[in-house]
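**Student:** coords below, sequence missing:
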């Protein structure tokens, strides 16, 4: 547990002073009547303790460096139904804290002691969580390793005629078999036109011959997430049209991964991806005009309406580094994630191209982009769905980023993995 102790010490150094640092863990959430959702600990509490049980609290004293974990007091009735719960002495040994007390002793323990303001605590945690330690990266590698194996299992299993939920079951079973009980987010398993729904959730359609399957899914290990997307043909062979669109997305992703270095601004990477996709769509006759105008005017967003990247860690859209890292967007393009990349940042790389009826048939957008978009040609792709390719990368102190994701994405490799 030295990994978590160092996190706590770092937080104490960051906040300092005479105020106690208090953090409440997660509580069970009712699903209906007397059934609860499967518990997942709050990310900040996991970051500092590794404790995955509900109803706990943490108090740190930066001045004395004393750490106190508070755990629920349980009775024999609870043990009958829920099984063994560690005693304070056992919890102290398991979680590596100085002292463990019962949660019903917390109020008296705190008394009138001053507690660090929540806003200061929030900013300090956002700042510390941005750069991943070696211990955190080891957990993320495990999440990525298991998630990658699960993606490869789906690629081998997918056949025309299968239901999306059958393929979801393949992915999630592989994660469970490896001991990863939690998904990082609900699995997106989108056949055909459903691939054009960015956060598709139904997973009930039938995969048909000649269609693409887009699967965006990842497990988490001790709270740390993997976030991986692959798109491939149901029958194992790309059609020429599918190959053309897929290659645009793949080359965009590879170029942006190569460009992701220390000091590069994430918003600039996003603009780079927009330019590359605009050029690719121009080559297919879907866009026309100067590339800068297509990017800054928003025409390319008709086919690529989301960001290239986001932080990844204990949250699938992880914290972005606190106030000290906040910076203005240096580009002319609206983008949510703006940060100068640092060693230890883990980010996704996920360009995509989609043919979304709600955008292509929107009257206002058709008027705005009538000279930039060949809408007749775009409508001919409405049966296509979309392509997204997503890897998770670690920014290195020197040189190119390290890719945590091991799932085929080159066309020949994809077709080999999907061989029927």
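**Tutor:** That came through, no problem. Predicted, not measured: the structure shown is a model, and the values here were computed from it.

**Student:** Ramachandran angles for the closest residue to residue 260 other than its chain neighbours?
**Tutor:** Nearest non-adjacent residue to residue 260, counting by Cβ to Cβ, 6 or more residues apart in numbering: residue 401, 4.7 Å away. To be clear about C-beta, it is placed using only N, CA and C from the backbone, and glycine gets the same treatment. Per-residue torsions, residue 401: phi -70, psi 160 (degrees, to the nearest 10).

**Student:** isn't residue 401 right next to residue 259, touching?
**Tutor:** No. With contact defined as Cβ atoms under 8 Å, residue 401 and residue 259 do not form a contacting pair (9.2 Å).

**Student:** Just want to know which of the two has more residues nearby.
**Tutor:** Shown here are residue 401 and residue 259; by other Cβ atoms under 10 Å, residue 401 has more neighbours (24 against 16).

**Student:** Who are the contact partners of that one?
**Tutor:** Residues near residue 401 by Cβ atoms under 8 Å, 6 or more residues apart in numbering: 257, 260, 261, 393, 394, 395.

**Student:** Neighbour-wise, which one of the residues you listed leads?
**Tutor:** Busiest of those [other Cβ under 10 Å] is residue 260, holding 24 neighbours.

**Student:** gap between that residue and residue 131?
**Tutor:** Distance, residue 260 to residue 131, by Cβ to Cβ, to the nearest Å: 15 Å.

**Student:** Repeat that for residue 287.
**Tutor:** Counting by Cβ to Cβ, the gap from residue 287 to residue 131 is 38 Å.

**Student:** Between these two, which has more neighbouring residues?
**Tutor:** More neighbours surround residue 287 than the other of residue 287 and residue 131, with 24 against 15 (other Cβ under 10 Å).

**Student:** in the stretch 101-250 of the chain, which spans are strands?
**Tutor:** Assigned by DSSP state E, counting those that start in this stretch, the stretch 101-250 of the chain shows strands spanning 182-183, 188-191, 212-217, 219-221, 224-225, 228-233.

**Student:** So which of these is nearest residue 343?
**Tutor:** strand 224-225 (17.8 Å; Cβ to Cβ).

**Student:** Quick check: mean pLDDT of the closest one?
**Tutor:** Here strand 224-225 scores 98 as its mean pLDDT.

**Student:** what do you get for stretch 328-342?
**Tutor:** Here stretch 328-342 scores 95 as its mean pLDDT.

**Student:** Number the chain from 25, please
**Tutor:** Got it, the first residue is 25 from now on, which makes the last one we talked about stretch 352-366.

**Student:** neighbouring contacts of it?
**Tutor:** For stretch 352-366, contacts defined as Cβ under 8 Å, 6+ apart pick out 154-155, 284-292, 294-295, 298, 319-320, 331, 333-335, 344-345, 349, 351, 369, 371, 419.

**Student:** Now it: buried residues?
**Tutor:** 353, 355, 357, 359, 361, 362, 363, 364, 365 (16 or more other Cβ atoms under 10 Å).

**Student:** how near is the residue nearest to residue 284 to residue 291?
**Tutor:** Distance from residue 425 to residue 291, by Cβ to Cβ: 17 Å.

**Student:** try residue 420
**Tutor:** Counting by Cβ to Cβ, the gap from residue 420 to residue 291 is 20 Å.

**Student:** and what of residue 62?
**Tutor:** 36 Å.
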